[in-house]
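Engineer: Just to be clear, the model below is a prediction. Sequence and coordinates:
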Amino acid sequence: MKIDSRPIDEIKPYEKNPRVNDQAVEAVAASIREFGFR
């Protein structure tokens, strides 16, 4: 394993990160309202 030290300003967030999906929040909320949460 190679560990690289870099200045923090060189680090960029990954554009396709699945955890960042503000558009899905309303869809999930609507699904929970319709079908419930188990």
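Structural biologist: That came through fine.
Engineer: how many neighbours does Glu15 have?
Structural biologist: A count of nearby residues for Glu15, using other CB atoms under 10 Å, gives 6. (Each C-beta comes from the backbone N, C-alpha and C, glycine too.)
Engineer: Any stretches of this protein with poor pLDDT?
Structural biologist: Nowhere does the chain drop to pLDDT under 70.
Engineer: how does it look with 80?
Structural biologist: Low-confidence segments of the chain (pLDDT under 80): 18-23.
Engineer: what about the helices in it?
Structural biologist: 22-35 (DSSP state H).
Engineer: what's the burial count for Asp9?
Structural biologist: With other CB under 10 Å as criterion, Asp9 counts 6.
Engineer: no, scratch that, I was asking about Asn17
Structural biologist: Neighbour tally, Asn17, other CB under 10 Å: 8.
Engineer: now it: how far from Ala30?
Structural biologist: 23 Å (CB to CB, to the nearest Å).
Engineer: Same check on Ile8?
Structural biologist: For Ile8, the distance to Ala30 - CB to CB - is 38 Å.
Engineer: who's more crowded, the two?
Structural biologist: Ala30 (10 against 5).
Engineer: From Gln23, how far out is that one?
Structural biologist: Distance from Ala30 to Gln23, by CB to CB: 12 Å.
Engineer: and what of Lys16?
Structural biologist: From Lys16 to Gln23 the distance is 14 Å (CB to CB).
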